[in-house]
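**Student:** got a sequence here, can you build the structure:
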Amino acid sequence: MQIGELAAKTGVSRDAIRLYEKLGLIASYRRNNGYRDFSENTPRLVEMIKLAQSLGFTLAEVAPEMQAIAAQGLGAPQVETLLTAKLKDVDARLDQLKSKRDELAKMISQVCPVAQV
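**Tutor:** Numbering: from 1, shown residues only. You can find the predicted model right below:
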């Protein structure tokens with residue numbers, strides 16, 4: 001399948017597909033005319049990349065897993081480990097945000113009210 005068809009099937013731009021390929025997340029084969037040719041499994045990989053990004057993963061974080069999937073598949077234990085690590089990261093960021101929120105609320109409460117005339 002050519003890049004235009006892959007883009008249409010997945011809703012991902014051609015530029016994003018080229019980036020995914022450059023980062024090693026997906027692979028293509030070059031035809032004699034120089035056009036990229038993607039396998040029939042590539043749309044599934046692109047959908048997995050999109051899902052990972054929607055969950056807060058960066059492309060750098062998913063690159064090793066996507067390469068493993070392309071090579072031999074990724075089993076449930078690996079997915080669980082990956083998701084657990086991301087959950088811990090999200091929880092840590094939530095704790096930081098709550099701390100900042102509490103600090104802001106404290107600062108607001110310490111501001112002197114404007115004198116009423």
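**Student:** for Ser109, give me the pLDDT.
**Tutor:** With respect to pLDDT, Ser109 has a value of 80.
**Student:** any idea how far it is from Glu103?
**Tutor:** 11 Å (C-beta to C-beta, to the nearest Å). Backbone N, C-alpha and C define where each C-beta goes, glycine included.
**Student:** who's more crowded, these two?
**Tutor:** Glu103 (10 against 7; other C-beta atoms under 10 Å).
**Student:** point me to the helix or strand that includes that one.
**Tutor:** Remark: Glu103 resides in helix 76-110, with elements defined by DSSP states H and E.
**Student:** where does this protein have low pLDDT?
**Tutor:** 69-75, 112-117 (pLDDT under 70).
**Student:** how near is Glu68 to Asn32?
**Tutor:** Heads up, residue 68 is Ala, not Glu. 31 Å.
**Student:** comparing the two, which residue is more hemmed in?
**Tutor:** Counted by other C-beta under 10 Å, Ala68 and Asn32 do not tie: Ala68 has more neighbours, with 13 against 5.
**Student:** was I right about that one contacting Gln78?
**Tutor:** Yes - Ala68 is in contact with Gln78 according to C-beta atoms under 8 Å; the separation is 7.1 Å.
**Student:** tell me the contacts of the closest residue to Glu40 other than its chain neighbours?
**Tutor:** Sequence neighbours aside, Met1 is the residue nearest to Glu40 in space, at 6.8 Å (criterion: C-beta to C-beta, 6 or more residues apart in numbering). Met1 makes contact with Lys9, Asp37, Phe38, Ser39, Glu40, Thr42, Pro43 under the criterion C-beta atoms under 8 Å, 6 or more residues apart in numbering.
**Student:** are any of the residues you listed buried, and which?
**Tutor:** Neighbour counting by 16 or more other C-beta atoms under 10 Å classes Phe38, Thr42, Pro43 among the contacts of Met1 as buried.
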